[in-house]
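Participant: My questions concern the predicted model and sequence given below.
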Amino acid sequence: MKVTVVGAGAVGASCAEYIAIKNFASEVVLLDIKEGFAEGKAMDLMQTASLNGFDTKITGVTGDYSQTAGSDVCVITSGIPRKPGMTREELIGINAGIVKNVSTSLLEHSPNMILIVVSNPMDTMTYLAHKATGLPKNRIIGMGGALDSARFKYRLAEALGAPISDVDGMVIGGHSDTGMFPLTRLATRNSVPVSEFLSEERLNQVKEDTKVGGATLTKLLGTSAWYAPGAAVSGMVQAIACDTKKIFPCSTLLDGEYGLTDICLGVPVVLGKDGIEKIVDITLNEEEKAHLAASAEGVKKTNGLLEF
Ligand SMILES: NC(=O)c1ccc[n+]([C@@H]2O[C@H](COP(=O)([O-])OP(=O)(O)OC[C@H]3O[C@@H](n4cnc5c(N)ncnc54)[C@H](O)[C@@H]3O)[C@@H](O)[C@H]2O)c1
Ligand SMILES: O=C(O)C[C@H](O)C(=O)O
């Protein structure tokens, strides 16, 4: 399994590190436009191999896509992150051009790739990658829901005073401060609905804290997060590499599912060797349907800013 990660910045390097530590890929290529940067990150990471016990070969290249040839999975993390006070949508002006060029360059050398889009605004960048590459819909996957769900579980565990491993929950909808929708109704602690333990008010607080998870970290760090994003991507790459058929909420091109078409939005999907092997169309109640529809409206508005 050969994996290319474009963008050797905070998120890209974290992806490469977690993929290597999990030891399921033979090769990871890091590519960046900043001269020598990816080479440096790759060398530093390779010098952790004997310490962390992995055999994955990590190489770094500056802008040379021929080195990415034959990749099974490619991840796009190139682009600018937001600063405190900004929304993800404000990044579209710079990131759209980067994602368009990067996705077509990757396709040229890896025609069979499964592409994971991370750069923000992620749902719109995933849609753009579809338009730019024409790849089948199972082979373009946006990463957002896996991260948002991890943050939801963190907040749930905090509210419950429970270990995170005892908690399950999922976030669907657009990967934005207002668009994402933590499914509190379906969240559980060891199979017991969390509403058995938490008041409606506390659950609403969990929901709100989850939605601003990225913004909260951006305010603390001065730039956006990277550890949990990198771990979320590595989990998705592992599900593809190892054909696990696990369910992750991912941004995918919808074609009637959830009553939506011509939009990439976060919904549960089964990930395996073919990428998105199934979109899981779960039954939502009226309130959840309304949230998802409003979220889709927001993403469509951002998509309207794209130039093809
Ligand atoms: N979807 C998510 O859940 C999620 C999570 C975290 C970050 N992000 C997004 O990921 C992106 C990267 O964040 P970061 O913190 O790693 O930023 P960063 O600035 O640390 O790294 C970005 C890297 O991209 C490189 N780059 C820029 N243009 C390039 C190009 N054309 N080709 C190759 N490399 C290029 C830069 O040189 C830089 O090293 C941002 O858009 C951020 O908003 C998304
Ligand atoms: O918050 C951001 O801008 C980065 C990313 O989308 C995140 O959720 O961490």
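Facilitator: Here it is on my side, so go on. Only a predicted model underlies this, so the values are computations on that prediction, with no experimental measurement involved. Ligands and ions are numbered 1, 2, ... in the order given.
Participant: Run through the strands of the stretch 101-250 of the chain in chain order.
Facilitator: With DSSP state E, counting those that start in this stretch, the ranges of strands along the stretch 101-250 of the chain come out as 114-117, 140-142, 167-168, 171-173, 180-182, 188-189, 192-193, 246-255.
Participant: got those strands as TSV, with mean pLDDT columns?
Facilitator: Formatted as TSV, the strands of the stretch 101-250 of the chain follow (pLDDT from 0 to 100):
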stretch	mean pLDDT
strand 114-117	99
strand 140-142	99
strand 167-168	98
strand 171-173	98
strand 180-182	97
strand 188-189	98
strand 192-193	98
strand 246-255	98
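Participant: To ligand 2, which of these lies closest?
Facilitator: Checking the strands of the stretch 101-250 of the chain against ligand 2 by Cβ to the nearest ligand atom gives strand 180-182 as the closest, at 9.0 Å. Just so you know, the C-beta spots here come from the backbone N, C-alpha and C atoms, and that holds for glycine as well.
Participant: contacts for the closest one?
Facilitator: Identification of contacts with strand 180-182 by Cβ atoms under 8 Å, 6 or more residues apart in numbering yields 144-145, 148, 152, 169-174, 206-207, 210-211, 266, 288, 291-292, 295.
Participant: what pairs with that strand, and is each one parallel or antiparallel?
Facilitator: Using DSSP bridges, strand 180-182 pairs in its sheet with strand 171-173 (antiparallel).
Participant: what's near enough to touch the residue nearest in space to the middle of the chain?
Facilitator: The residue lying closest to the centre of the chain (Cα atoms, centre = their mean) is Met143, at 1.6 Å. The contact partners of Met143, taken as Cβ under 8 Å, 6+ apart, are 116-118, 122, 229, 232-233, 236, 250-251.
Participant: what about 7 Å?
Facilitator: Going by Cβ atoms under 7 Å, 6 or more residues apart in numbering, Met143 touches 116-118, 122, 232-233, 236, 250.
Participant: just those residues that are near ligand 1?
Facilitator: When Cβ under 6 Å from any ligand atom is applied, the members of the contacts of Met143 adjacent to ligand 1 are 118, 122.
Participant: Redo the strands of the stretch 101-250 of the chain as JSON lines? Include mean neighbour count.
Facilitator: Rendered in JSON lines, the data for those read as follows (neighbours: other Cβ atoms under 10 Å):
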{"stretch": "strand 114-117", "mean neighbour count": "27"}
{"stretch": "strand 140-142", "mean neighbour count": "29"}
{"stretch": "strand 167-168", "mean neighbour count": "19"}
{"stretch": "strand 171-173", "mean neighbour count": "28"}
{"stretch": "strand 180-182", "mean neighbour count": "28"}
{"stretch": "strand 188-189", "mean neighbour count": "17"}
{"stretch": "strand 192-193", "mean neighbour count": "12"}
{"stretch": "strand 246-255", "mean neighbour count": "22"}
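Participant: Name the residue of the stretch 151-300 of the chain that lies nearest to ligand 2.
Facilitator: Minimum separation of the stretch 151-300 of the chain from ligand 2 (Cβ to the nearest ligand atom) falls at Gly214, amounting to 2.4 Å.
Participant: and that residue, how far is that from ligand 1?
Facilitator: Distance, Gly214 to ligand 1, using Cβ to the nearest ligand atom, to the nearest Å: 7 Å.
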